[in-house]
Each structure stands twice: as structure tokens, then as C-alpha cells.
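1. fold the following.
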Amino acid sequence: MYTAQMTALKYIILFCMFCGSFGIEKHDSYTKLLNRIEALEQEQRDSRLKVERLEHSVNFQSKVIQSQARQIKLINEELFKTNKLLQQSNRMSTSNNRKITILRQLLFQEAQSKHNQKTDGSVSGMGSLPKQKEQKTQGEDFVDVQRPRSQAWLKKRGAPTGDSSLIKRQERAGISFSVYLDHDLTLGPHQTVKFNQVIINDGNGYNTNTGVFTCLEAGVYMFSFFIGQRSETDGVTAAYAELVINSQNMVDAVVETYHQYQDLQGGNTVIQRLKQGDVVWVGLMLSGHAHIEGSGSLRISTFSGVYLYQ
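-> The predicted model follows:
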């Protein structure tokens, strides 16, 4: 509309100039006016070009933003998949740790069995005679004195039977426990984690109602604990746990999650000499509240202890 008006005005002025109805002075002023009109038209054309360039730039930036948004979406999907793989890896690691623990126990039992057999053989050889055979009195059969004797055979004849403390410890039931948490907990600082499900509790030293192990016999014990945590929201969520003996902190564990639905586990192990009546438990430390994950199928929050030696 503006361009059409300017063009019409220009033609009217030209028409008046050629008709001779204006003087020379008026002719000069109208020439200046026409030049001004042409300058304004040029500025308008330049402005249009700038607007078109800006529109092109805006469209290009919009496409770039859309492309970046798609890339961010793909990255988020990859992060989600990676988090799932990490969760699966953590579960596999937990399972492998359990298998390793079982294998270690089996190896320890096998080594202890070989040690006992070796002890039995050395003890039976101590009472051997220079002769290979001796004849029993009162009509008994001949007995090969070089053959290794059993513990019962040696005990019946009053012979020494190896390390008495080791034999005594083997004869009694033993002291050990392993428990886990089968439900989620939210606890405050210095509250005790009550692991309520028992895997083994030889000696009944662990109390599921209080979450406390009471030492039944003085000696050296090994304790280990693990705390699991699952984050329900994005952001850092932390749980700080400690193993306590007689209200004294021994070792600590930290679990920090950074993403929603992330499962992590933290724990620690300690070997300590205890006196009869000493108490041991796992509790939370620092201020605030912490969420601990527990499950009957995924047993990632556990507490274990075993008597080693006097």
C-alpha cells in the first residue's frame, strides 16, 4: 500500500512538471522531493532484504534447535539403557560376590578337613612300635600299629588327639550368623538397622528384634555388612552406615545414587577381638534420614559375623 501511494505521488508530480504549471523554483523543489521518495523506496527495499535474511536465519536456527532436541532425546534414551545395564551389572556383581563367599567357605572347609586328617595321621604315628605288628593279650587279634588311627580309637586308648582347643571348637556347634533385610526402611541418624531375616544363626547370638549381635564367647570375630539403596528421584541421595561395637564406630560404608531407579550397594568388613557380652550392630550415621532397600528376592542389605579363633 505504501509503495503504491509513493508511486502515484511521483507520477502526479511528473505530470505537473511537464504540464508547465509550476515555476522553475517549484520544479527544483519537486525534483528534490522525487529524489527523497526514491531514497525512501531504496531504504524500504533494503529493509525487506534484512527482514528476509532474518526470517531465513530464524528458520535455520529453528531447524538446528529441532535437530539438537532429537539428539538430546537419543542421548537420554542411551543413558536410560546404560543405567539399566549398570543395574543388571550390580545385581550380577552381588550374585557373584555371594558365589565367591560360598566358594571361599568350601575351600576353607576343605583345607580344615585336610589339616584335621594330617593331624590325625601324625598323632597316630607317635605311638607306633619298632615292630610292624604286635600281638594283643587275652586272645585278641593282631593289629597293624602303623595304620593311622581315628580320633575315637586314640581317645579310647588315652592317646593325645592333636590340638585340644581345635578339637573342642569342632565338637561344639560354633558361632556364626548371616541375616538380611526383606523390606525397605527409612531411618534417622544413629538408628539401628534391624535385619529381620535369618540365613544362619549358630549359637543364637543375633537378635532379629533388636538387630544386635551379642558375643557368646571371647575371641576374634569377623563381621561384614552391606547396605543397598534405590533412588526414586533424580539427584543425589546418600546413605551413610557404620558398624558399631559397644557404641564405638569400627568401619563405615557409603551409598550414593545420582539417577532415578538407580540401585547401588556399599559395605565393609572388619576383624576384631571381642569379650563375652560385647554387642555389635549396624546403624546409620550423620544427620537427616536415609532410605535402605530390602527385598526377599534381591538380598542386597545384609549383616554377617563368624567366630574365627580364641
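2. number of nearby residues for residue 282?
-> Other residues near residue 282 number 28, with proximity taken as other CB atoms under 10 Å. (Glycine included, C-beta is placed from N, CA and C.)
3. quick one, strands of the chain?
-> Secondary structure of the chain (DSSP state E): strands located at 133-134, 143-144, 176-180, 185-187, 197-202, 206-207, 212-214, 219-230, 237-245, 248-257, 263-274, 279-284, 290-292, 302-309.
4. which other helices and strands contact the fourth one?
-> I take that to be strand 185-187. With contacts defined as 3 or more CB pairs under 8 Å, 6 or more residues apart in numbering; DSSP states H and E, the packing partners of strand 185-187 are strand 290-292.
5. now distance to residue 90 and mean pLDDT too, for the strands of the chain, in a markdown table please.
-> Rendered in a markdown table, the data for the strands of the chain read as follows (distance: least, CB to CB, whole Å; pLDDT from 0 to 100):
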| stretch | distance to residue 90 | mean pLDDT |
| --- | --- | --- |
| strand 133-134 | 65 | 41 |
| strand 143-144 | 59 | 40 |
| strand 176-180 | 16 | 94 |
| strand 185-187 | 19 | 78 |
| strand 197-202 | 21 | 93 |
| strand 206-207 | 26 | 94 |
| strand 212-214 | 27 | 94 |
| strand 219-230 | 9 | 89 |
| strand 237-245 | 15 | 85 |
| strand 248-257 | 11 | 85 |
| strand 263-274 | 6 | 87 |
| strand 279-284 | 20 | 91 |
| strand 290-292 | 16 | 75 |
| strand 302-309 | 15 | 93 |
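6. let's have those in TSV, adding distance to residue 56.
-> Formatted as TSV, the strands of the chain follow (distance: least, CB to CB, whole Å):
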stretch	distance to residue 56
strand 133-134	113
strand 143-144	107
strand 176-180	65
strand 185-187	57
strand 197-202	68
strand 206-207	75
strand 212-214	75
strand 219-230	50
strand 237-245	48
strand 248-257	47
strand 263-274	50
strand 279-284	61
strand 290-292	53
strand 302-309	64
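7. out of those strands, flag the one nearest residue 75.
-> Nearest to residue 75, of all the strands of the chain, is strand 248-257, at 20.2 Å by CB to CB.
8. any buried residues in that closest one, and which?
-> 251, 253, 255, 257 (16 or more other CB atoms under 10 Å).
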